[in-house]
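Engineer: My questions are about this predicted structure, shown below with the sequence.
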Amino acid sequence: MVILTDFDGTITTKDVIDGILERFAGPEWLEIENQWLSGEIGSKECLRRQMALITVEASALEQVLNSVEIDSTFASFLQYCFAQEIPLRIVSDNFEWFIRHILRNNLPEHTHILDRTPIFANEVKLLGTRLEFSFPHSGPECTHGCATCKASLVKKIRANDKDEIIFIGDGMSDRFGAREADLVFAKSTLLEYCRKEGIEAIPFDQFSKIQGWVESKRKVPAPSWQPRKS
Ligand SMILES: [Mg+2]
Ligand SMILES: [Zn+2]
């Protein structure tokens, strides 16, 4: 199996990009967000327009990133996957720089695993007080206008690894990825979406539940034997 997980609201306890927009962009960002939620625009156009509203100093941005907390059971899940050689990849509409910063900050003792964990996300640089960004994983075959096309990533990873794809997420940016995956763990808005659309999904609140599920799947059945009567 290959495990793909969303980042914001799934690994982190709150949505990081929403937090940054709340602090450093004008209130117009919410109007753009609603256009995306209603399906009027894709996440790429949404992010492009929202990011353009931001003016921020490097130190203030870092302060926000340093305040982000993650699921307290994610460290154990990360270690478990690494020890069991289960490929774990992060797929996100956030930015790789922010994600790596937050993970290193929360899990300083696991940097050797984090450095080996692939992250498929958008790219960003701070030039002065403006953010410059690009979308290396928007996927040429994406029909949804995604910034990071999770559906294309599921298909690509499955084609390469020929494996069962487990997808973990919490929100609307996960809907197309969840549609393509073999098995979905969902919470919050994604869980509601899956229920409405008839996509089979296992509800979860923390990574410990997913770890328990994976452990039970991989457990080799104990050999059945009976003591011989002589
Ligand atoms: Mg999310
Ligand atoms: Zn897409």
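Structural biologist: All right, it came through fine. A quick note: this is a predicted structure, and the numbers were derived from the prediction, not measured. Ligands and ions are numbered 1, 2, ... in the order given.

Engineer: ok now do E62, which residues does it touch?
Structural biologist: Neighbouring residues of E62 by Cβ atoms under 8 Å, 6 or more residues apart in numbering: H101. No exception for glycine: its C-beta is placed from N, CA and C like everyone else's.

Engineer: tell me which residues in the helix or strand of the chain with the lowest mean pLDDT are buried?
Structural biologist: Least confident helix or strand of the chain, by mean pLDDT, DSSP states H and E, is helix 150-161 with a mean of 91. Using 16 or more other Cβ atoms under 10 Å as the test for burial, helix 150-161 gives K150, A151, S152, L153, V154, K155, I157, R158.

Engineer: now what about the next helix or strand along the chain from it, what contacts it?
Structural biologist: Using DSSP states H and E, the helix or strand that follows helix 150-161 towards the C-terminus is strand 165-169. Residues outside strand 165-169 that contact it (Cβ under 8 Å, 6+ apart) are 1-6, 10, 150, 154, 157-158, 174, 177-178, 180-186, 190, 204, 210, 214.

Engineer: between strand 165-169 and helix 150-161, how many degrees?
Structural biologist: Interaxial angle, strand 165-169 versus helix 150-161 (axes from the mean of the first three to the mean of the last three Cα atoms, to 10 degrees): 150 degrees.

Engineer: and strand 165-169, which strands flank it?
Structural biologist: The pairing partners recorded for strand 165-169 under DSSP bridges are strand 2-5 (parallel), strand 183-186 (parallel).

Engineer: Also near ligand 1: which of the contacts of strand 165-169, exactly?
Structural biologist: By Cβ under 5 Å from the ion, the members of those lying near ligand 1 are D6.

Engineer: Now tell me what touches the least confident helix or strand of the chain from outside.
Structural biologist: In contact with helix 150-161 (Cβ under 8 Å, 6+ apart) are residues 2, 4, 6, 87, 89, 91, 120, 137, 139, 141-142, 144, 146, 163, 165, 167, 169, 173-174, 176-177, 179-181.

Engineer: what about 10 Å?
Structural biologist: Helix 150-161 has contacts (Cβ atoms under 10 Å, 6 or more residues apart in numbering) with 1-2, 4, 6, 43, 87, 89, 91-93, 118, 120, 137-144, 146, 149, 163-165, 167, 169, 173-182.

Engineer: Could you tell me which of those residues belong to helices?
Structural biologist: Residues of the contacts of helix 150-161 located in helices (DSSP state H): S43, R175, F176, G177, A178, R179, E180.

Engineer: Let me have the buried residues of helix 150-161 in CSV, extended by distance to ligand 2.
Structural biologist: Shown next, in CSV, are those (distance: Cβ to the ion, whole Å):
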residue, distance to ligand 2
K150, 7
A151, 5
S152, 6
L153, 9
V154, 10
K155, 10
I157, 14
R158, 15
